[in-house]
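*Asks:* Pasting the sequence and the predicted model now:
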Amino acid sequence: LLDDDRQLNDFVDVSRNAGFMWEPGAFASMICIAIWCNIIRTNFSLLGNRHLIVLLLALMSTSSTTGYVIFIILLILYFIFNSKYKHILYIVPIVVLLYQLPFVKDKIEDEYVGVSDVNLAMYDEEQNFALGRIVSFQLDWEEFLRHPWLGLGGYSEGSWLNQQGYDNIATISGLGKLLSRYGAIMAIIFVILLVKSVKLVNRLYQTRSGWLLIGVMIGTMVSYDLWVQPAIMIFWLFGVWNIEANK
C-alpha cells in the first residue's frame, strides 16, 4: 500500500511502503520479525532463499530508520551468537552508508534536537499529536518513577500529561509504555517470559539465533507499542503456550 499524501519520505521525494500497517516504520518492524523467523528456519542462508530476498526488498522499500536499525542489530547479534565475530567488520560500511542517507541521518539528528526544543504548550489543543521517540520515553520514564511497581494501568487520566491538560498529546515509546503503564513487576515478568521463549526456540530448532528475538523485540519497542498486539505476543509468550515448554 502506497499513500503518496501520507507516506512520502520527509527528506527525499520517494513514496514509502507502508504495507498492511498504518505507517512504514511499523511495517518495517513486522518485516524484521519475519526475517528473524526466516533466520531460525534457514540459518540466514541466501542461496535459494527467495522468501528472505523478498523480505529484504520490502524492508528497503519502507525507507524506515527503525527497520534499518533493527536489521543491523539482527546482523550483529547473529554473528556474535554464531561465533562469527570477524563478520561484524563487514557491517561497518553498511552502517556508514545507511547513516548517510538523508532520511536516516537527518531523522536521528532531529530526534536529539527535538528533546531540547520540545514545548508542549505550542501544540494546538484542537488536534492530536504524537511526540518523538526520545521525548516519549523521557516522559514515560518520569511517569514510571511516579508509579514504579504497578504503573498506571488503564488509568490514562492519571498521567502527568492528562493532569496538565495535554490530553491531545500521546507518547509512542513501547518501552516507555511497558514501564509507565504496567510498572516494574510486569516489566520483569515480560523479560522472564521473553528469555524463556528464546531458550525454547533455541532448543527446538537447535540454534543460538533465538537470542536475536530480544534485539528485534526491544528495537521495535523503541518506537512502537506492538508488543501488546496478539500477533507479536505469540512470540514472547511462546515459552508459555507451546506444548513443548512443559516437557
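*Replies:* Ah, there it is. Numbers count the residues shown, from 1 in each chain.

*Asks:* Excluding chain neighbours, what is closest to the residue sitting nearest the centre point of the chain?
*Replies:* In the chain, the residue lying closest to the centroid (CA atoms, centre = their mean) is residue 220, at 0.8 Å. Sequence neighbours aside, residue 29 is the residue nearest to residue 220 in space, at 4.3 Å (criterion: CB to CB, 6 or more residues apart in numbering). To be clear about C-beta, it is placed using only N, CA and C from the backbone, and glycine gets the same treatment.

*Asks:* The one you found contacts residue 69, doesn't it?
*Replies:* No - with contact defined as CB atoms under 8 Å, residue 29 does not reach residue 69; the gap is 10.4 Å.

*Asks:* higher neighbour count, the two?
*Replies:* residue 29 (28 against 20; other CB atoms under 10 Å).

*Asks:* ok, now which ones touch the more buried one?
*Replies:* By CB atoms under 8 Å, 6 or more residues apart in numbering, the contact list for residue 29 reads 64, 66-67, 70, 219-220, 223-224, 226.

*Asks:* a markdown table please, covering the residues you listed and showing pLDDT, distance to residue 24 and secondary structure.
*Replies:* Below are the contacts of residue 29 laid out as a markdown table (pLDDT from 0 to 100; distance: CB to CB, whole Å; DSSP: H, G, I helix; E, B strand; the rest coil):
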| residue | pLDDT | distance to residue 24 | secondary structure |
| --- | --- | --- | --- |
| 64 | 89 | 5 | coil |
| 66 | 89 | 9 | helix |
| 67 | 92 | 8 | helix |
| 70 | 94 | 13 | helix |
| 219 | 93 | 15 | helix |
| 220 | 94 | 14 | helix |
| 223 | 87 | 11 | helix |
| 224 | 91 | 12 | coil |
| 226 | 91 | 14 | helix |
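
*Asks:* In this structure, spot the helix with the most residues.
*Replies:* Longest helix of the chain, by residue count under DSSP state H: helix 174-205.

*Asks:* Run through the neighbouring helices and strands of it.
*Replies:* helix 24-42, helix 133-146, helix 212-223, helix 230-236, helix 238-241 (3 or more CB pairs under 8 Å, 6 or more residues apart in numbering; DSSP states H and E).

*Asks:* that older thread, show me the common contact partners of residue 29 and residue 69, please.
*Replies:* Common contacts of residue 29 and residue 69 (CB under 8 Å, 6+ apart): residue 219.

*Asks:* Can you tell me which of the contacts of residue 29 has the largest number of neighbours?
*Replies:* Top of the contacts of residue 29 by neighbour number is residue 64, holding 29 neighbours under the definition other CB under 10 Å.
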